[in-house]
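Q: Just the structure for this:
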Amino acid sequence: MYAVAGATGPSGSVGTDGAPKGRQKAVTSVTAMNVKPRRVEWLLPGLIPFGAITVLSGQPGLGKSLLTVKLAADFSAGRLDRRGDVLMFTAEDPTAEVVVPRLMAARAKLTAIHFGELNDNGLSIPLRFPSDTKGLRELAREHEARLIVIDPLTAHLAGNVDSFKDQSIREALAPLAALAEERRLAIVVVAHLNKGQSTDPIQRLGGSVGLPAAARSVLLLGRDPDDPDGPGGSGRVLAHVKSNFAPPAPSWALRIVSATVDDWLGQFETAEIIEVGPSPYLGPDLLASSSENGGLPKVMSEAVTFLREVLSGGPLKMTDVEGEAEQAGLSWETVKRAKKHAGVETRKQRGVLNGPWLWELAKQPRTKELRGA
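A: Numbers count the residues shown, from 1 in each chain. I've put the predicted structure just below:
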């Protein structure tokens, strides 16, 4: 190992971690042979790692804050692989009127969840980063927190941070990333999308690309294209759009439902977000613009077109449709979901004992029992 003394900063200046820049700096190295490999630990397996920053992104009003509440509740109550205390910084939602009732509906262990704030001459204001990282570290140590939620990130950035400049946002997040690694905790920051038209979730994150670059995992919450109630429905899909520690995890369908909680003051009307099951949609699908097939995402539109073309000559065995889909590079789950959009009917082949399932277009005349049989 070697060390080279560096120049000291101006007297009285402050670094990104809140410490004086006048301290002595050094450039060091370490040999790979002396680095002990370490397994990744997960708060939410495959999605949210300990020791790093995770970004939860999406358009406003889709339920990102509800999802952070569910994560906090499940972790505090031991419904994930681990359990632990949570620090929540919620600059937009009032804790008493909104966040706590949501936590109650999500069956959180309330004694394990703590709200952080800064007291400035008797006035409670949000912590600002990177300048308040030292205070955050003290709170994390005091509560032995393993999960920190910052919702939204933009409301907790110091005034001198330009979120549209790569270097500025990297310097603001570097102390948070260091804290996550130092204490082996998970930090989830909520971010909105910009108003661009790109279907690349990373490019759609508001501000600089420094934000997804600083994160080890990026999640996208979007509307469920299969929601029977359309764009105004309560169906959601959580897609994994970046992962440095493992292959992207499968997408999950979620749903927002109303809830009522009781305490000694009476009943409170609130909401929670619940799991529905796996979803075939990926991040770009959730951002895809309207297509010729009724405003469906691009991948679903392609599956609809495929079914209409492959079944245009008459019924096919389901196994043959699956083979054609594989040849076309289409997910079988997506093709199955595209059936109703393409107007496909399924039925057993008539007159054959234990006959195969057939797929056909609803308006297709049934003059042939099976093409190619």
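
Q: Sheet-wise, list the partners of the helix or strand Met88 falls within with their directions.
A: Following DSSP states H and E, one finds Met88 within strand 85-90. Within its sheet, strand 85-90 is paired with strand 113-115 (parallel), strand 145-151 (parallel), according to DSSP bridges.

Q: how about TSV for those, with distance to Ala73, mean pLDDT and mean neighbour count added?
A: From N, CA and C alone the C-beta is placed, and that goes for glycine too. Output for the strands paired with strand 85-90, formatted as TSV (distance: least, C-beta to C-beta, whole Å; pLDDT from 0 to 100; neighbours: other C-beta atoms under 10 Å):
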stretch	distance to Ala73	mean pLDDT	mean neighbour count
strand 113-115	8	97	18
strand 145-151	11	97	25
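
Q: right, and the helix or strand after the strand holding Met88?
A: Counting by DSSP H and E, what follows strand 85-90 is helix 100-105.

Q: Glu322: what's it in contact with?
A: Glu322 makes contact with Trp332, Val335, according to C-beta atoms under 8 Å, 6 or more residues apart in numbering.

Q: May I have the secondary structure class of it?
A: Judged by DSSP: H, G, I helix; E, B strand; the rest coil, the three-state class of Glu322 is helix.

Q: For it, give its distance to Ser301.
A: The gap separating Glu322 from Ser301 is 20 Å, by C-beta to C-beta, to the nearest Å.

Q: Got the domain ranges for this structure?
A: Here the domain assignment for the chain is 1-37, 42-287, 298-361, based on automatic domain parsing.

Q: Out of the ones you listed, which is the most enclosed?
A: domain 42-287 (a mean of 18; mean count of other C-beta atoms under 10 Å).

Q: ok, back up a step: check the domains of the chain for me: which has the lowest mean pLDDT.
A: Of all the domains of the chain, mean pLDDT reaches its minimum on domain 1-37 (a mean of 63).

Q: Please compute how far stretch 316-328 lies from its chain's middle.
A: Offset of stretch 316-328 from its chain centre (C-alpha atoms, centre = their mean, to the nearest Å): 32 Å.

Q: With stretch 318-330 instead?
A: Worked out by C-alpha atoms, centre = their mean, stretch 318-330 lies 30 Å from the chain centre.

Q: what does stretch 40-53 give?
A: The answer for stretch 40-53 is 12 Å, by C-alpha atoms, centre = their mean.

Q: swap in stretch 161-177?
A: 20 Å.

Q: cool, stretch 214-234 as well?
A: In terms of C-alpha atoms, centre = their mean, the centre of stretch 214-234 is set 9 Å apart from its chain centre.

Q: Please apply the same query to stretch 87-106.
A: 19 Å.

Q: gap between the two ends of that stretch?
A: 16 Å (C-alpha to C-alpha, to the nearest Å).

Q: Which of the helices or strands spans Ile274?
A: Going by DSSP H and E, Ile274 is in strand 266-279.

Q: Excluding chain neighbours, what is closest to Thr319?
A: Of all residues not flanking Thr319 in the chain, Pro356 sits nearest, at 6.8 Å (C-beta to C-beta, 6 or more residues apart in numbering).

Q: so who does the one you found touch?
A: By C-beta under 8 Å, 6+ apart, the neighbours of Pro356 are Lys317, Met318, Thr319, Lys348, Gln349.

Q: Ala342 too?
A: Ala303, Val304, Leu307, Arg308, Leu311, Leu361.

Q: Now it: phi and psi?
A: When read as degrees, to the nearest 10, the backbone of Ala342 gives phi -90, psi -10.

Q: if I look at it, how far off is Gln197?
A: 26 Å.

Q: Can you lay out the contacts of Ala342 as CSV showing secondary structure and distance to Ser208?
A: Converted to CSV, those look like this (DSSP: H, G, I helix; E, B strand; the rest coil; distance: C-beta to C-beta, whole Å):
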residue, secondary structure, distance to Ser208
Ala303, helix, 35
Val304, helix, 37
Leu307, helix, 42
Arg308, helix, 43
Leu311, coil, 47
Leu361, strand, 48
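
Q: As CSV, the residues you listed with distance to Pro126 would be great.
A: Listed next are those as CSV, based on distance: C-beta to C-beta, whole Å:
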residue, distance to Pro126
Ala303, 45
Val304, 46
Leu307, 50
Arg308, 52
Leu311, 56
Leu361, 56
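
Q: From the rest of the structure, what touches stretch 197-213?
A: Counting by C-beta under 8 Å, 6+ apart, 55, 57, 153-154, 163-170, 173, 191-194, 196, 218, 220, 239, 241-242, 283-284, 286-289, 298 sit against stretch 197-213.

Q: Over to stretch 99-119 now: how far is its first residue from its last?
A: End-to-end span of stretch 99-119 (C-alpha to C-alpha): 20 Å.

Q: returning to what we had before: from the contacts of Pro356, pick the one nearest Val99.
A: Met318 (47.5 Å; C-beta to C-beta).

Q: Can you tell me the closest non-neighbouring residue to that closest one?
A: Nearest residue to Met318 in three dimensions, chain neighbours excluded: Trp357, at 4.3 Å (C-beta to C-beta, 6+ apart).

Q: Point to the residue nearest the middle of this structure.
A: Centroid check for the chain by C-alpha atoms, centre = their mean gives Leu219 as the closest residue, at 2.5 Å.

Q: any idea how far that residue lies from Leu56?
A: Leu219 is 5 Å from Leu56, by C-beta to C-beta.

Q: show me what contacts the residue nearest to the centre of the chain?
A: Leu47, Ile48, Thr54, Val55, Leu56, Ser57, Leu238, Ala239, His240, Val241.
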